[in-house]
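Student: When you get a sec, could you give me coordinates for this:
(one chain, ligands or ions: 2)
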Amino acid sequence: MENTMPYPKNAWYVAGWERNLNEGEPIAMSILDEPLVIYRAQGTGRLVVLEDRCVHRFAPLSLGKCEGERIRCGYHGLLFDSDGKLLGIPGQDLIPSQANVRCYPAVFKHSWIWVWMGNPALADEALIPPATGYDNPDWVLGHGDLDYQASGELANDNLLDFSHVPYIHAESFALGDSYANERPKVTAVERGIRVERWTLNIMGTATAPRPEDNLVDHWVSYDFLVPGIMLLWSGMYPAGTAQSLNFEKPDYSQAVGVSIDSHMVTPMTSRTARYYYIGGPLRGQGDEAVRDLRLRIQAKAFAEDKRIIEAQQRVIDRMPGKQMMPTAHDLAVTMYNRVVERLIRESGTAERVA
Ligand code: FES
Ligand SMILES: [Fe+2]
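Tutor: Ligands and ions are numbered 1, 2, ... in the order given. As a prediction, this is how the structure comes out:
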């Protein structure tokens with residue numbers, strides 16, 4: 001069966017947490033079905049990402065050992081430079097000039113390891129989305145990750161359409177019915193879409209409750225950017241604010257209970273994805289206890305999403321070729337997918353994975 005991975009290669013993908021990468025200890029990762037070995041060079045600490053497949057007999061280099069900036073295959077000892085060039089073969093003087101492994105542009109930013117999967121000449125750091133790393137001092141942030149046995153697209157669809165919140169997350173987020181009954185505003189932004197919505201007259205959110213006699217209007221805005229990044233801001237205002245603003249964007253400096261989230265769905269293979277998330281309250285409007293409560297609620301909610309997304313994938317795989325039936329809530333999904341299709345077309349790098 002042939003599966004498609006509708007992702008543009010000319011984009012930055014999150015490949016892991018900066019803090020989990022120790023000097024001289026290579027790790028394995030897969031993005032878009034391409035095996036990667038990632039390491040910090042010994043001595044310089046420089047980030048190196050190479051194809052995780054030795055040219056000799058295809059042993060993964062992630063099972064090898066770092067030697068300074070270089071990495072030596074753990075099977076028969078071929079030595080590669082940090083740009084993927086084959087430098088040495090034990091017991092053989094002739095080194096084939098074409099026998100290199102691919103090297104990927106990579107940077108540390110916002111607590112993450114970012115890898116450019118496309119043409120290295122086009123790798124522009126300015127295209128890394130403006131996520132908020134968990135060490136940003138303006139916020140009290142926590143983080144986590146989980147794996148889906150499902151495609152990254154299904155996880156993206158889930159984040160692009162919050163009308164599932166009253167159904168999947170009735171207990172965890174407890175935000176009432178309006179997420180299903182009312183539609184958010186969806187607009188185009190550079191390399192993605194923006195989703196904005198007011199929820200009126202609520203008691204607050206699970207992590208920022210308001211007193212009973214003080215109902216609030218809750219504003220949520222997020223950008224969902226290629227190749228699967230969600231940057232979300234939420235805050236509360238006195239009830240009536242939304243109406244007085246004609247449901248337009250509020251002044252962020254006047255909000256209370258403000259929190260921020262940066263999430264990324266990395267497509268590892270056509271049937272596996274890793275979900276990375278960072279989030280928490282604005283410093284001064286929430287502390288470590290609020291952050292941790294928030295993380296616990298999110299962990300429960302993400303498990304709820306995971307259960308249904310993985311089940312959805314199993315149904316899709318049992319009955320391939322069936323057409324889905326869009327609803328009014330799929331506007332953001334459709335608009336985002338158009339951006340993806342355009343970027344794939346522009347870069348001519350549509351991926352087909354058997
Ligand atoms: S497979 Fe790497 S040296 Fe043989
Ligand atoms: Fe969800």
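Student: Can you list the residue ranges for helices in the stretch 151-300 of the chain?
Tutor: Along the stretch 151-300 of the chain, the stretches classed as helices by DSSP state H, counting those that start in this stretch are 152-160, 165-168, 178-181, 241-244, 288-318.
Student: Now render the ones you listed as CSV, adding mean pLDDT, distance to residue 265 and mean neighbour count.
Tutor: C-beta: built from backbone N, CA, C; applies to glycine. Shown next, in CSV, are these (pLDDT from 0 to 100; distance: least, CB to CB, whole Å; neighbours: other CB atoms under 10 Å):
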stretch, mean pLDDT, distance to residue 265, mean neighbour count
helix 152-160, 97, 4, 23
helix 165-168, 90, 16, 16
helix 178-181, 84, 20, 16
helix 241-244, 97, 30, 16
helix 288-318, 96, 10, 16
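Student: okay, these in TSV with distance to ligand 1 next?
Tutor: Formatted as TSV, these follow (distance: least, CB to the nearest ligand atom, whole Å):
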stretch	distance to ligand 1
helix 152-160	30
helix 165-168	45
helix 178-181	52
helix 241-244	61
helix 288-318	33
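Student: Please render the ones you listed as CSV that adds distance to residue 230 to the earlier fields.
Tutor: Shown next, in CSV, are these (distance: least, CB to CB, whole Å):
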stretch, distance to residue 230
helix 152-160, 5
helix 165-168, 14
helix 178-181, 16
helix 241-244, 22
helix 288-318, 12
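Student: Count the neighbours of residue 281 for me.
Tutor: Residues within reach of residue 281, counting by other CB atoms under 10 Å, total 23.
Student: show me the contacts for it.
Tutor: The neighbourhood of residue 281, defined by CB atoms under 8 Å, 6 or more residues apart in numbering, consists of 139-140, 207-208, 257-259, 287, 290-291, 294.
Student: Make a ChimeraX selection of the buried ones in those residues.
Tutor: In ChimeraX syntax, the buried subset of those is picked out as below (16 or more other CB atoms under 10 Å):
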select :139,140,207,208,257,258,259,290,291,294
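Student: which of the contacts of residue 281 lies closest to residue 50?
Tutor: Closest approach between the contacts of residue 281 and residue 50, by CB to CB: residue 139, at 33.9 Å.
Student: And that closest one, how close does it get to residue 288?
Tutor: 12 Å (CB to CB, to the nearest Å).
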